[in-house]
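Trainee: sharing a model that was predicted from the sequence below.
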Amino acid sequence: MNAHTFQPIALPCAWTGAEMQKRTDWLRPFSAAELQEIDAALQSVKSRGLDLFDITQAEFPLPEFSKALAGISQALESGRGMIMLRGLPMRYSPDDLRTVYWGIGTYLGTAVSQNKAGEMLGVVKDFQYGYSNTQRRGSKTNDGLQFHSDRCDVVGLLCVRKAKAGGASRLVSAAAIHNEILRRRPDLIHLFYDMWDHSWQGEEPPGSARTMQRPIFSWRDGHFTGLFSPAYIWFAQEFPEVPRHTPQQIEALKLFDALADELALDMHFEPGDIQLVNNHVMYHGRTQFEDFPEADKKRVLLRLWLSVPGSRPMSPVYKEVFGGIEAGELRGGVPCKEGWWRDVTQFRKNRTGVHATQGLSW
């Protein structure tokens, strides 16, 4: 792409944290009527003894709330790119809460696998595992997480319990970062459209190299995508076959970090909050946290990775990692041990892998 083709992104998703702190339209409480619909849908599922993965929109009817969720989906794709739903009651048992969250998620998109074990409804907590850098998944630790995007169209996080201290959620607009790079350092903007080596973190498809190449920013048919996980670029540098970063590339990555921190919106999760983020236009991260010593008080979030029907087309360079690149196509997720399974419809036929957390406590 030639330098003269770079232009500021004038879209609703190009907001700054300072601007968003003055607004409240990204915070949406559940209404009493919506909560009644959710409870009725839950009881319907329980009365029929349905498995979590057998729950579809038809099995979890939300006649009025579904209309609001359709509007939320539109705002995620063509609006500000994020929303916080607030006030889901925490009176549910763990299994009932999973059912409620899954049922709501069916109105937003199709769940895809979050790791090689086939985790479809992820548990985000500090498991105190040991990791090598090139196998590490930071969501399973209490570390702070650098701004990044996930391998799906939309990521949803439901707060079950918050930390004793820390663990603030951070969001930043990819479009806002793009615009500031263009304004402050136009000599570096082209690097963000170049191809970069990313580590697969041990989750490569069969037969693939342990790194992939993709840009940080891209366009297709007038649609912007800013999918990026900086840590995976740095982890790729641990592989001897990957070329070392140039001084200019290092400068670009440091600029990205500085701008992301400067432009971010910080928020604290409360139990019952559901944060929804469009990975194409938003980066999310968190601050390090300290847990309570008691096991039943430790910080827990439930996570959904969703492929959404109203998604944008993507550049062909994402074909290897996303599987599909056309608008609205089922795509994203992580290839599983048993094969290249991406979505819940395949898990309904193959009840293997860590694909459900029913019956487990937090």
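Mentor: Yep, it's here.
Trainee: so what's L188 up against?
Mentor: 181, 248, 251-252, 255 (C-beta atoms under 8 Å, 6 or more residues apart in numbering). All C-beta atoms are positioned from the backbone trio N, CA, C, and that covers glycine.
Trainee: if you set the cut-off to 7 Å instead, what comes out?
Mentor: Counting by C-beta atoms under 7 Å, 6 or more residues apart in numbering, L188 touches 181, 251-252, 255.
Trainee: ok, now R170?
Mentor: R170 is in contact with 147, 264, 266, 284-286, counting by C-beta under 7 Å, 6+ apart.
Trainee: does it belong to a helix, a strand or coil?
Mentor: At R170 the chain is in strand, as set by DSSP: H, G, I helix; E, B strand; the rest coil.
Trainee: low-confidence stretches in the stretch 251-362 of the chain?
Mentor: 337-362 (pLDDT under 70).
Trainee: which stretches of it form strands?
Mentor: 265-267, 274-278, 282-286, 289-290, 300-307 (DSSP state E, counting those that start in this stretch).
Trainee: next: the stretch 101-250 of the chain.
Mentor: For the stretch 101-250 of the chain, applying DSSP E, counting those that start in this stretch gives strands covering 110-111, 122-124, 145-148, 154-161, 165-166, 169-173, 196-199, 211-214, 218-220, 223-225.
Trainee: K22 is nearest to which of those?
Mentor: Smallest distance to K22 across these (C-beta to C-beta): 15.1 Å, for strand 169-173.
Trainee: I'd say A260 and V172 touch.
Mentor: Yes - using C-beta atoms under 7 Å, A260 and V172 qualify as a contacting pair, with a distance of 4.8 Å.
Trainee: need the overlap of contacts for those two.
Mentor: Common neighbours of A260 and V172 (C-beta under 7 Å, 6+ apart) are 147, 283.
Trainee: could you measure T106 against A33, distance?
Mentor: 19 Å (C-beta to C-beta, to the nearest Å).
Trainee: same check, this time on L302
Mentor: Where A33 is concerned, L302 sits at a distance of 24 Å (C-beta to C-beta).
Trainee: give me the more crowded residue out of those two.
Mentor: L302 (23 against 10; other C-beta atoms under 10 Å).
Trainee: centroid residue for this protein?
Mentor: Residue closest to the average C-alpha location in the chain (C-alpha atoms, centre = their mean): V155, at 3.1 Å.
Trainee: chain neighbours aside, what residue packs nearest to it?
Mentor: V277 (5.2 Å; C-beta to C-beta, 6 or more residues apart in numbering).
Trainee: sorry, back to before: run through the residues that contact the residue nearest to the centre of the chain.
Mentor: So V155 contacts 277, 279, 303, 305 (C-beta under 7 Å, 6+ apart).
Trainee: the third one and V124 touch, don't they?
Mentor: If I follow you right, that is R303. Yes - assessed by C-beta under 7 Å, R303 is found in contact with V124 at 5.3 Å.
Trainee: so what's in contact with the two at the same time?
Mentor: L157.
Trainee: how far away from the center of its chain is stretch 221-237?
Mentor: Relative to its chain's centre, stretch 221-237 lies at 13 Å (C-alpha atoms, centre = their mean, to the nearest Å).
Trainee: residues contacting it, please?
Mentor: Outside stretch 221-237, the residues that reach it (C-beta under 7 Å, 6+ apart) are 9, 133-134, 146, 148-149, 174-175, 178, 196-199, 201, 211, 216-218, 242, 244-245, 253, 256-257, 279-281, 283, 312-315.
Trainee: hmm, 8 Å instead?
Mentor: Residues outside stretch 221-237 that contact it (C-beta under 8 Å, 6+ apart): 9, 11, 133-134, 136, 138, 146-149, 174-175, 177-178, 196-199, 201, 211, 214, 216-219, 242, 244-245, 253, 256-257, 279-281, 283, 312-315, 318.
Trainee: next: stretch 24-31.
Mentor: Applying C-beta under 8 Å, 6+ apart, the contact partners of stretch 24-31 are 20, 38, 72, 80, 82-88.
Trainee: would you format those residues as CSV with neighbour count, secondary structure and pLDDT included?
Mentor: Shown next, in CSV, are the contacts of stretch 24-31 (neighbours: other C-beta atoms under 10 Å; DSSP: H, G, I helix; E, B strand; the rest coil; pLDDT from 0 to 100):
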residue, neighbour count, secondary structure, pLDDT
M20, 19, helix, 97
I38, 22, helix, 98
I72, 18, helix, 98
R80, 21, coil, 97
M82, 24, strand, 98
I83, 21, strand, 98
M84, 20, strand, 98
L85, 21, strand, 98
R86, 16, strand, 98
G87, 18, coil, 97
L88, 23, coil, 98
